[in-house]
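>>> Next come a sequence and a model predicted from it.
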Amino acid sequence: MTLTVVAPDGVPEIRPGDDLTALLVAALAPVHGDVVLVTSKVVSKAEGRAVPGTDRLAAVAAELAEPGARVVARRGPTTIARTRLGLTLAAAGVDASNVERGTVLLLPVDPDGSARRLRREIAERTGANVGVIVTDTAGRAWRTGQTDIAIGAAGLVVLEEHAGRTDGYGNELAVTAPALADELAGAAELAQGKLTGRPFALVRGRADLVLPLGQDGTGAAVLVRGEGEDLFGYGAREAVVRALAGHPADRAPFGAPAAVAEMSAAIALVLGTPPKQVDGGLVAGPDPRLAALAFAHGWRVEEGPEKAVIRPALP
């Protein structure tokens, strides 16, 4: 297989209301089966998401006030946040680079919708059936450095499920699912760079991933884990604080209730004595640590003077 990635120079500064499709077509000349990639930064600029006269901290606070948004972790001035779109990004995706001083840039309101519009307009103007990806830069929890990911997509297979297949040795695959759209975004970024003024890229050689016209596919939204499905819904310090606080709204990020055996093992580890199992619950001696321990595992505690009953929390 041969994969070709092109990221042309000469793209002008994008302003609110600019015809992004015209600029894409002129720069990339896409044909059937190509995948067109565009940075979220220029999509946001064209869609008027630049906010002048606002510092980054104020913009992050405003984004965190949106429904569904929350802090994941903080370390000094650095805030990692889950945005209203479900994306977990530094500074809630608020960007203060490559924009006019005193201006911050917010993420597109609907990155998948932006990708669908660009795909439709490219087809109308050129007749070419292409896949479209809107990219952004993200860090990785266990790795130093950043890479580009897909935050919007249209007309593309974004995720390839391998579960149930077998490898060359006859082993059944259980959870393997390559994030194809993210891999394409990373490949494009190698050609685009960060300081080169190349916001557009074209990947040629994976026409098999491009869907027929009229089928936009799932979009990049399916790459976002649902609340509670992420095993790392809070940073290490934040998880301790949130469990101790025990606010009902925090139950979802901690996930579904743990199994009885897991809850029992956790109690035994912390208290030094295993609990007794009775009537679908667990019984242990009263201990002030139990409430936070149970909360973090999706359970609740009924404290008594001589014993504590621990049961799975109601949905």
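Received it, and whenever you're ready, just let me know what you need.
>>> how about the helices in the stretch 51-200 of the chain?
Counting by DSSP state H, counting those that start in this stretch, the segments of the stretch 51-200 of the chain that form helices are 56-64, 111-126, 180-192.
>>> Return the distance of the longest strand belonging to the chain from the chain's centre.
Longest strand of the chain, by residue count under DSSP state E: strand 143-154. Chain-centre distance of strand 143-154: 9 Å, with CA atoms, centre = their mean, to the nearest Å.
>>> Tell me how the chain divides into domains.
Structurally, the chain divides into domains by automatic domain parsing as follows: 4-49+108-223, 236-312.
>>> Now distance to L85 and mean neighbour count too, for these, in JSON lines please.
(Glycine included, C-beta is placed from N, CA and C.) JSON lines is the format used below for these (distance: least, CB to CB, whole Å; neighbours: other CB atoms under 10 Å):
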{"stretch": "domain 4-49+108-223", "distance to L85": "7", "mean neighbour count": "18"}
{"stretch": "domain 236-312", "distance to L85": "16", "mean neighbour count": "16"}
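>>> Now render those as TSV, adding distance to A92 and mean pLDDT.
Output for those, formatted as TSV (distance: least, CB to CB, whole Å; pLDDT from 0 to 100):
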stretch	distance to A92	mean pLDDT
domain 4-49+108-223	12	95
domain 236-312	15	94
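>>> Now render these as TSV, adding distance to V99.
Converted to TSV, the domains of the chain look like this (distance: least, CB to CB, whole Å):
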stretch	distance to V99
domain 4-49+108-223	8
domain 236-312	29
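>>> Looking at those domains, spot the one closest to G68.
In terms of CB to CB, the element of the domains of the chain nearest to G68 is domain 236-312, at 10.4 Å.
>>> what about the closest one, how long is it end to end?
End-to-end distance for domain 236-312: 23 Å, by CA to CA, to the nearest Å.
>>> ditto for stretch 92-110
Span of stretch 92-110 from end to end, CA to CA: 15 Å.
>>> Let me see the ranges of the strands in the stretch 1-150 of the chain.
For the stretch 1-150 of the chain, the strands defined by DSSP state E, counting those that start in this stretch cover 4-6, 35-39, 50-52, 70-75, 78-82, 88-90, 103-105, 131-140, 143-154.
>>> if we can go back for a sec, direction included, what does the longest strand of the chain pair against?
If you go by DSSP bridges, strand 143-154 pairs up with strand 131-140 (antiparallel).
>>> what about the partner strand, distance to the chain center?
Remark: strand 131-140 is offset 10 Å from the chain centroid, using CA atoms, centre = their mean.
>>> How about stretch 70-77?
16 Å.
>>> Ok, stretch 246-266 next?
23 Å.
>>> Give me the distance between the closest residue in space to V51 that isn't next to it in sequence and G217.
Excluding the flanking residues, the one nearest V51 by CB to CB, 6 or more residues apart in numbering is V104, at 5.3 Å. The spacing between V104 and G217, counted by CB to CB, to the nearest Å, is 31 Å.
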